[in-house]
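Asks: attaching a predicted model along with its sequence, questions to come.
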Amino acid sequence: MIRPLLLLGAALAAPATVAAAPAGPLQVTSKVLVESKQRAADGTTRVALVPAKRAVPGDRVVFVLAYRNTGTQPLSNIVFDNPVPRGVAYRAPLPGSAVPELSVDGSAYGALDQLTVAANGARRAAAADDVTHVRWRLARPLAPGAQGEFAFQAALK
């Protein structure tokens, strides 16, 4: 199981791309992007994703996990388990990205509407703010030279 650790504070202070698995045939990198509103010449506002250098509570960020098989053999049974940093609230998969399995404790995974959390001695339905981990599984072996990426949207608390 690959466990890239994304530390938002470090990611915002350092270059946005951090190698999560520097050695071996499976190379994984992660980066944090922030939404930046830019005014176009025609007066409209566009939202672009740019490397996160600075972010404040309420900012919307995107976590991207990119992977590539640099080896000569297919790789199988690949699972990417990405902790959601403290101070960050999961929102949704980035449009176009696969929907991840979610966890509120790092051990039980499923769709958000299937998860519960303990609250005041009882259990309640989990909310997006309760998510502590996102996980993706590759359904097929990853061929030599093949690559891809997963991404999710979040907000700074």
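Replies: Nice, thanks for sending it over. Numbering: from 1, shown residues only.
Asks: list the buried residues of the strand ranked longest in the chain.
Replies: Assignment by DSSP state E gives strand 26-39 as the longest strand of the chain. When neighbours are counted by 16 or more other Cβ atoms under 10 Å, the buried residues of strand 26-39 are found to be 26-35. (Each C-beta comes from the backbone N, C-alpha and C, glycine too.)
Asks: please name the residues that touch the most centrally placed residue in the chain.
Replies: Centroid-nearest residue in the chain, with Cα atoms, centre = their mean: F63, separated by 4.1 Å. By Cβ atoms under 8 Å, 6 or more residues apart in numbering, the contact list for F63 reads 6, 30-33, 82, 151-152, 154.
Asks: which members of the residues you listed are the farthest-apart pair?
Replies: Pairwise distances among these were taken by Cβ to Cβ; the largest, 14.6 Å, belongs to L33 and N82.
Asks: now V28: how far from V34?
Replies: Look at V28 and V34: by Cβ to Cβ, to the nearest Å, they are 21 Å apart.
Asks: picking that back up, and the longest strand of the chain, what's its mean pLDDT?
Replies: Averaging pLDDT along strand 26-39 yields 90.
Asks: neighbouring strands for it, and are they parallel or not?
Replies: strand 17-21 (antiparallel), strand 45-51 (antiparallel), strand 60-69 (antiparallel) (DSSP bridges).
Asks: how about those strands in a markdown table, adding mean pLDDT and distance to Q114?
Replies: Compiled in a markdown table, those are given as follows (pLDDT from 0 to 100; distance: least, Cβ to Cβ, whole Å):
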| stretch | mean pLDDT | distance to Q114 |
| --- | --- | --- |
| strand 17-21 | 35 | 28 |
| strand 45-51 | 86 | 30 |
| strand 60-69 | 95 | 22 |
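Asks: thanks a lot, catch you later.
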